[in-house]
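Participant: build me a structure from this.
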Amino acid sequence: MERERNILSRHKNIVLQFPFYWYSTPAILKEWIDEVFSRGWAYGGGEALAGKNLMVAITSGGPEKVYQHDGANRFTMEEFLRPLEQTAHLCAMRWNKPFLMQGVRYLDQAQIDLICSAYVQEIKKLG
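Facilitator: Predicted coordinates for the structure are as follows:
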């Protein structure tokens, strides 16, 4: 984990990019966070991540309409992401608005290209 921590220490922006999987991060990403964002380094006496930006970039198979209170998944994507938002808070990081690419199974290549261009612009805004 020391290598991962060294990489994070050198950057002011951290972007976690992943497919939304069973209403959460993939298990391997959760394990990575558990190991790398450790007590004494990232929080609980450690401040290695303090002041850094944290943004998540997510793809989901379901479209935005299913991630609404009246939709099939009953909660908004922002509500599902609260644990990551709290992780940012615990580590004294700045939580940035998530970048969402929803309904990917219904998108054609031109739509994907537009969304990818918007994603690049969001990354640039982080500075």
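Participant: longest helix in this structure, please.
Facilitator: What stands out as the longest helix in the chain, according to DSSP state H, is helix 109-126.
Participant: show me what V56 is bridged to.
Facilitator: Going by DSSP bridges, V56 is paired in beta bridges with L16.
Participant: wait, isn't it in contact with I14?
Facilitator: No - the pair V56 and I14 does not pass the contact test of Cβ atoms under 8 Å, sitting 9.6 Å apart. (Glycine included, C-beta is placed from N, CA and C.)
Participant: more neighbours, the two?
Facilitator: Each of V56 and I14 had its neighbours counted (other Cβ atoms under 10 Å), and the higher figure belongs to V56 (23 against 19).
Participant: spit out the contact partners of the residue most central in space within the chain.
Facilitator: Central residue check for the chain by Cα atoms, centre = their mean: the C-alpha nearest the mean position is that of V56, 1.9 Å away. Applying Cβ atoms under 8 Å, 6 or more residues apart in numbering to V56 gives the contacts V15, L16, Q17, F18, L81, L84, P98, F99.
Participant: who's in contact with the third one?
Facilitator: When you say that, I think you mean Q17. Residues in contact with Q17 (Cβ under 8 Å, 6+ apart) are V56, A57, I58.
Participant: tabulate these (a markdown table), appending distance to I7 and pLDDT.
Facilitator: Shown next, in a markdown table, are these (distance: Cβ to Cβ, whole Å; pLDDT from 0 to 100):
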| residue | distance to I7 | pLDDT |
| --- | --- | --- |
| V56 | 18 | 98 |
| A57 | 18 | 98 |
| I58 | 21 | 97 |
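Participant: between these, which is nearest M93?
Facilitator: When these are compared for distance to M93 (Cβ to Cβ), V56 wins out at 11.7 Å.
Participant: quick one: which of the contacts of V56 is nearest E35?
Facilitator: Ranked by distance to E35 (Cβ to Cβ), the contacts of V56 are led by L16 at 14.1 Å.
Participant: quick one: contacts for the closest one?
Facilitator: Contacts for L16 (Cβ under 8 Å, 6+ apart) come out as T25, L29, L54, M55, V56, A57, L84.
Participant: pick the one among the contacts of Q17 closest to S9.
Facilitator: When these are compared against S9 (criterion: Cβ to Cβ), the nearest one is V56, at 19.9 Å.
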